[in-house]
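[1] What would the 3D arrangement of this be:
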Amino acid sequence: MAAMNRSDRIDEDACYRALCSHDARFDGQFFTAVTSTGIYCRPVCRVRTPRRENCRFFTHAAQAEQAGFRPCLRCRPELAPRERHWSTEDASTILVQQATLWLDDPQHWQDDDGGAMGERLAARLGVSDRHLRRVFEERLGVSPLQYLLTRKLLTAKQLLADTDLPVTQIAQASGFASVRRFNAAFLEHYRLNPTQLRRETATRARDAGQGTPVRLGYRPPYDVAATLGFFRQRLIDGVAFVDEQGLRLGQTLRMELGGRTHKGWLVAGFDEARCQLELRVSDDLREVLPQVIHRLRAALDLDADPTAINAVLHGAFPAGDGLRVPGALDGFELAVRAVLGQQITVAAARTLAQRLVNRFGEPIETPHAGLSRLFPRPAALAQAEGDGLGELGIVRQRQAAIVALARGVAEQGLVLNGSADVPATLTALKAMPGIGDWTAQYIAMRALRWPDAFPAGDVALHKVMGVRESKHPAREAEAASLAWKPWRSYAVVRAWSAGNVVSSTGASA
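    Predicted coordinates for the structure are as follows:
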């Protein structure tokens, strides 16, 4: 509906119809600013629908805030799924999507006077700061730093509304170097003191040990049963649990940030009626709550746009409109499990992963019976000897791959999350022993969150695509998959589901 390029006009009449219907399919695709109130809202907002002549429409919250509008306190724009426009052809679109992925990751947030953040980002993307700003202005109507500031302020707004964290901690967690700068930015953009946004429930005593509650939005359709079923088949006892009846999943989590290690747990439950996820995060992870939220959104693919994806894939896979690409809270864990799952069944891969956790993981205390251990740290596996891994039933080639992965991550040279440089990371992965194109593409699909990954050598895909008996099945599968760009990762998940099979070359991970 909404176009990324400012030169493309938003269909304002279509936006207004979506606003009147409160259709959650368009949540996060545009925001409605009301000139009579100075407020901007999500399409799902339940306040009285404003008159058409009082409405302005924006594709990004940053655009609305740049125009002087403040976020609605009722529908809370910070809960909306992120807006993504993917392309594999247009260079400017690719540049903006790579930049926004990096800016959306709270791990990169730092308060920079003088635009140092923009310069670092431009250098990472291989362009000049001036070119990056020009493309951002053309495509989004705001600068990279304006986009970043909106993201940080909305994150702070969510923490103020949903938690009882002190303002000092909220300022730091949201990427502000000082409370003074935080208060000044908040007052300038929202014309409110941060404490004025505190909800009454945020100051009440929380249930001891039950974690901090947070809500996250997603766009329907979402096949919750398929997502939870996928994770249930692969869960490691003690590290994760899945309650499909209660539509919940939980996992332990370790996060390294700012030279500190944070260990804790999270439990997330689907509220399908409201198209929301109800999240509870342990107190030990509250200081890194923005990072936890960011990882969970990626792991459950909450920012997917089914309308755009289905426009390309529905004809080939009409039964898969609600399927998502399951991700991972920890990219390193996913990569290790991808190696363990090569050419064996789901059950066998799960057994190996369980042994690895039992041997090299560490215990953690939680209020949940199904959560008692953390996945092994990269440093622990980087130092693992061959005999130690071999005793678990892991063959020598995969031992070498696991140690290489662990060393790459432990030395901070290998990034396995959605803000990674995908082509460079694929190259680095395939240079490691025991990691071929299939495993690298699988990691790109689930850990790097690349929507256009395609493991062309996958036997299960060959069967579904009807090229299994071909002389060159991988080549034919690759050629046929071009019609599914830039959503081939979703096509893979739909193909596996349609064939009711799992790959014999690694999908057991």
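[2] Can you give me the domain assignment for the protein?
    With automatic domain parsing as the criterion, the domains of the chain are listed as 12-76, 91-202, 209-235+244-297.
[3] so who does the closest residue to residue 80 other than its chain neighbours touch?
    Nearest non-adjacent residue to residue 80, counting by Cβ to Cβ, 6 or more residues apart in numbering: residue 28, 3.9 Å away. Quick note: C-beta positions are derived from backbone N, CA and C, even for glycine. By Cβ atoms under 8 Å, 6 or more residues apart in numbering, the contact list for residue 28 reads 42, 80, 81, 82, 83, 217, 219, 303.
[4] Enumerate every residue touching the closest residue to the last one other than its chain neighbours.
    With Cβ to Cβ, 6+ apart as the measure, residue 82 is the residue that lies nearest to residue 303, at 4.1 Å, once sequence neighbours are left out. Shown in contact with residue 82 (Cβ under 8 Å, 6+ apart): 28, 104, 297, 303.
[5] ok, now residue 133?
    Neighbour list for residue 133: 118, 143, 144 [criterion: Cβ under 8 Å, 6+ apart].
[6] Can I get the longest strand belonging to the chain in CSV, CA atoms only?
    Looking across the chain with DSSP state E, the single longest strand is strand 260-271. Extracted as CSV, the C-alpha positions of strand 260-271 are listed here (Å, rounded to 0.1, in the frame of the first residue of the first chain):
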residue,chain,number,x,y,z
ARG,A,260,28.8,-7.3,30.6
THR,A,261,27.0,-10.6,30.5
HIS,A,262,23.3,-10.8,31.1
LYS,A,263,21.6,-14.1,31.8
GLY,A,264,17.9,-14.8,32.1
TRP,A,265,14.7,-16.1,30.5
LEU,A,266,11.7,-15.0,28.6
VAL,A,267,8.2,-16.4,28.0
ALA,A,268,6.1,-15.3,25.1
GLY,A,269,2.4,-16.0,24.4
PHE,A,270,0.3,-15.2,21.4
ASP,A,271,-2.9,-13.1,21.8
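[7] which outside residues touch that strand?
    Residues contacting strand 260-271 (Cβ under 8 Å, 6+ apart): 211, 215, 222, 224, 246-256, 276-285, 287-288, 292, 296, 300, 329, 364, 366, 368, 371, 374.
[8] What strands flank it, and is each parallel or antiparallel?
    strand 248-257 (antiparallel), strand 276-281 (antiparallel) (DSSP bridges).
[9] Flag every buried residue along it.
    Within strand 260-271, the residues that count as buried by 16 or more other Cβ atoms under 10 Å are 262, 263, 264, 265, 266, 267, 268, 269, 270.
[10] Name the residue closest to the centre of this structure, please.
    Ranked by distance to the mean C-alpha position of the chain (Cα atoms, centre = their mean), the top residue is residue 298 at 1.7 Å.
[11] Residue 412: neighbour count?
    By other Cβ atoms under 10 Å, 9 other residues sit near residue 412.
[12] Okay, strands next: where are they in the stretch 1-150 of the chain?
    Secondary structure of the stretch 1-150 of the chain (DSSP state E, counting those that start in this stretch): strands located at 31-34, 39-41, 55-58, 70-71.
[13] Excluding its own residues, what touches the first one? List them.
    Contacts with strand 31-34, where a contact means Cβ under 8 Å, 6+ apart, come from 15, 19, 39-43, 45, 50, 54-61, 63-64, 67, 69, 77, 80.
[14] what's the closest of the domains of the chain to residue 424?
    Residue 424 lies closest to domain 91-202 among the domains of the chain, at 10.7 Å (Cβ to Cβ).
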